[in-house]
Each structure stands twice: as C-alpha cells, then as structure tokens.
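# Structural data only, the sequence is not supplied:
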C-alpha cells in the first residue's frame with residue numbers, strides 16, 4: 001500500500017546517505033536491520049544512474065488462469081475442499097496394457113450369454129473410517145482449522161477389513177472376511193472353501209458345469 005511504499009523510499013534514502021559517507025555494506029546492514037544484499041542492490045543502483053529506485057520484477061510463472069477459470073476453480077474449492085486438481089488413472093505398465101488389449105480383442109464380440117457363464121472373484125480392503133492416503137485440500141488464508149478444511153480421525157477401534165467375494169450374472173455368492181495378509185496358501189484355501197461351494201450353488205441353480213481359470217471361473221454353456 002502507500003504507507004509501505006513510503007517506508008521503502010525512506011529506507012532507500014537512508015541506505016544512500018550512509019553509502020555516501022563511505023560506510024561499508026555490512027555496517028549499513030546492521031544499522032538498518034536489513035540484509036546486505038538489499039543494501040548492495042540500492043547502493044549499486046545509485047552508483048549506476050544516481051537513483052534509488054529498484055525495478056520490481058514479479059517472480060514466478062505468470063498466472064495461467066483466465067478470470068472465468070479462476071471463478072470456476074474457487075467455486076469447486078468451496079463445494080469440496082478436498083477436490084483434486086489432477087485427474088487420476090490406474091498405473092498401467094506396458095505389459096498390463098498389452099494383456100488388457102489382448103483380452104479386449106478376444107472378448108469384444110462375445111454374446112451376452114457368454115458373460116452369464118462367468119463367475120468373478122476378487123479381494124478388497126474396506127476402510128471403516130478414514131483412508132490410507134495422505135489428503136491435501138484447498139483453503140483460504142486463516143481457514144486451516146475450520147471444520148470443513150479438516151479430515152477427522154479416530155484413535156481406537158478397527159480401521160479396516162479385508163474381504164473376498166465372488167459374483168456372476170446370477171447374483172452374488174460367498175463373502176469371506178480375511179484375517180491377516182493374503183498369501184498363496186491362504187488364497188488357495190479361500191478358493192477351495194469359499195469359491196467351490198459358491199460354484200456348487202450356482203451349478204444347482206442354473207445347471208452349469210464349470211472350470212477354474214485364474215481369478216474367474218468359466219462355466220461353459
């Protein structure tokens with residue numbers, strides 16, 4: 001503001017006055033409680049063209065948003081302070097992309113009845129409260145302790161559960177709560193004790209005859 005600019009002009013005049021007396025940068029810095037770098041800039045500017053005015057350059061990259069984009073961004077922040085400014089996507093390596101493309105090409109023209117003969121199974125972790133990830137959020141100055149800008153946490157109780165389940169076009173079947181880390185022995189045990197009974201129930205219901213193929217079970221027509 002005007003007061004700040006007036007103080008800066010006065011400070012520069014003091015620097016130049018001491019500089020004219022022959023005071024070294026270090027002594028001027030201590031006397032005025034400012035950095036030697038600032039003293040040097042003002043003094044060198046005065047020595048060059050006889051003025052104390054230093055051109056103010058705006059640091060950093062120029063503002064990339066238009067006024068309309070800025071308004072839209074602020075509106076989104078007000079609606080959700082935890083909204084991400086980046087689009088997320090799964091991390092797929094070249095091998096994954098190749099396998100996905102081959103699967104898509106091999107099954108692109110399958111009839112609807114074909115997918116009715118597939119039983120899918122997988123495991124997943126469900127957080128009872130909170131998330132595993134760090135969260136960042138947007139807030140205006142002074143809002144960091146407002147409730148809308150804080151992520152609640154708890155200190156006690158179960159924070160997550162690990163589940164295994166399977167489903168098909170006929171519906172969902174067995175749901176299994178997993179205790180511990182899933183290793184090969186545990187996974188085989190789950191398939192034997194949970195997947196097979198689910199398949200038997202489906203076979204009896206639909207009259208299917210199936211075979212196990214990886215994470216899904218193909219039930220030929």
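Looks like it came in fine. As the structure is a prediction and not an experimental result, all values here were calculated from the model.
# phi, psi of the residue nearest to residue 15 when sequence neighbours are not counted?
Once flanking residues are discounted, residue 15 sits nearest to residue 42: 4.5 Å by CB to CB, 6 or more residues apart in numbering. Quick note: C-beta positions are derived from backbone N, CA and C, even for glycine. The phi/psi pair for residue 42 (degrees, to the nearest 10) reads phi -70, psi -40.
# next one: residue 75
Torsion angles, degrees, to the nearest 10, at residue 75: phi -60, psi -40.
# Residue 116 too?
Main-chain torsions, residue 116, degrees, to the nearest 10: phi -70, psi -10.
# tally of neighbours for it?
Around residue 116 there are 14 other residues, counting by other CB atoms under 10 Å.
# who's in contact with it?
168, 169, 170 (CB atoms under 8 Å, 6 or more residues apart in numbering).
# Using CSV, please lay out the residues you listed together with neighbour count.
Below are the contacts of residue 116 laid out as CSV (neighbours: other CB atoms under 10 Å):
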residue, neighbour count
168, 24
169, 15
170, 15
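# mind giving me CSV with those and columns for secondary structure?
Shown next, in CSV, are the contacts of residue 116 (DSSP: H, G, I helix; E, B strand; the rest coil):
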residue, secondary structure
168, strand
169, coil
170, coil
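# Redo those residues as CSV? Include distance to residue 32 and pLDDT.
Formatted as CSV, the contacts of residue 116 follow (distance: CB to CB, whole Å; pLDDT from 0 to 100):
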residue, distance to residue 32, pLDDT
168, 80, 80
169, 80, 78
170, 83, 77
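# I'd like to know the average pLDDT value across the longest helix belonging to the chain.
Ranked by residue count, the top helix of the chain under DSSP state H comes out as helix 2-20. Averaged across helix 2-20, pLDDT comes to 79.
# so residue 178 bridges to which residues?
Bridge pairing for residue 178 (DSSP bridges) gives the partners residue 162.
# and whichever helix or strand residue 78 is part of, what's its mean pLDDT?
Using DSSP states H and E, residue 78 falls within helix 67-79. In this model, helix 67-79 has an average pLDDT of 78.
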